[in-house]
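1. Give the three-dimensional model of this entry:
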Amino acid sequence: MNATLAPPTLRALTGLRFVAAFHVLLLHTALGFVQGAPPFVANVVRAGTASVSLFFVLSGFILAYQYLDVGGTRPLDRRQFWWARVARIYPVYLFALLFALPYFFAWAAATLESESPWASAKIAVTLVANLTLTQGWIPQTVGPMNPPGWSLSVEAFCYLLFPFAAARVVRLTTRQALTAAARRISVPRASR
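-> Numbering: from 1, shown residues only. The predicted structure follows:
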């Protein structure tokens, strides 16, 4: 995207994404510390799972805002989009995996000691899934290395699909978009 044509930054939404990410961080790190806290505090920390969804929705909105050309005059450069997404998340993700390596090695040693004939394969699949951000699609590979990393696995998948889905969504009329949204949120009536 040409820098001169870039839309203005949505600082409030970026700030809200930070709040959502911090809430998720609290869920993963502070849950054990709030056991004796007032119920309100413990409930706020436990509600961090809702911030995962909020973070995904805000991220999708910001991507659409930044990359989609509603008039359809400028196609999205997929290669540039994917490169920008990988460059933004993967280095930090790999850095976090370095901190997770001691836990992974301890788990791998225990797995090998179990004398399971599949131990080596299980370790290899877990390592490869975590390195390729595909662990969210193989639930058994999430916990042993970097449990919060599943969300980046999902986000990477959404990044992969975004240029294809965006190309279709941007062509919808307002009426078509509202009809599609209404179909997705409509609640089926209970059978009588």
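
2. Residues in contact with the host helix or strand of Val45: which ones?
-> Val45 belongs to helix 39-46 when assigned by DSSP states H and E. Helix 39-46 has contacts (C-beta atoms under 8 Å, 6 or more residues apart in numbering) with Leu26, Leu27, Ala30, Leu31, Val34, Gln35. For the C-beta atoms, the positions are set from N, CA and C on the backbone; glycine is no exception.

3. Is it possible to get TSV of those that adds pLDDT and distance to Gly136?
-> TSV is the format used below for those (pLDDT from 0 to 100; distance: C-beta to C-beta, whole Å):
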residue	pLDDT	distance to Gly136
Leu26	89	21
Leu27	87	17
Ala30	85	23
Leu31	79	21
Val34	83	27
Gln35	81	29
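
4. could I get these as CSV with neighbour count?
-> Converted to CSV, those look like this (neighbours: other C-beta atoms under 10 Å):
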residue, neighbour count
Leu26, 18
Leu27, 19
Ala30, 15
Leu31, 13
Val34, 16
Gln35, 7
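
5. Just the ones of the residues you listed in helices?
-> Using DSSP state H, the members of the contacts of helix 39-46 that fall within helices are Leu26, Leu27, Ala30.

6. What are the buried residues along the helix holding Val45?
-> Under the neighbour-count criterion of 16 or more other C-beta atoms under 10 Å, helix 39-46 has Ala42, Val44, Val45 buried.

7. okay, now the domains of this structure?
-> 1-67, 90-173 (automatic domain parsing).

8. Looking at those domains, which is nearest to Ala182?
-> Nearest to Ala182 among the domains of the chain is domain 90-173; the distance by C-beta to C-beta comes to 13.0 Å.

9. and the closest one, average pLDDT?
-> On average, the pLDDT along domain 90-173 is 91.

10. quick one: terminal-to-terminal distance for that domain?
-> 35 Å (C-alpha to C-alpha, to the nearest Å).

11. mind checking how far that domain is from the chain centre?
-> 11 Å (C-alpha atoms, centre = their mean, to the nearest Å).
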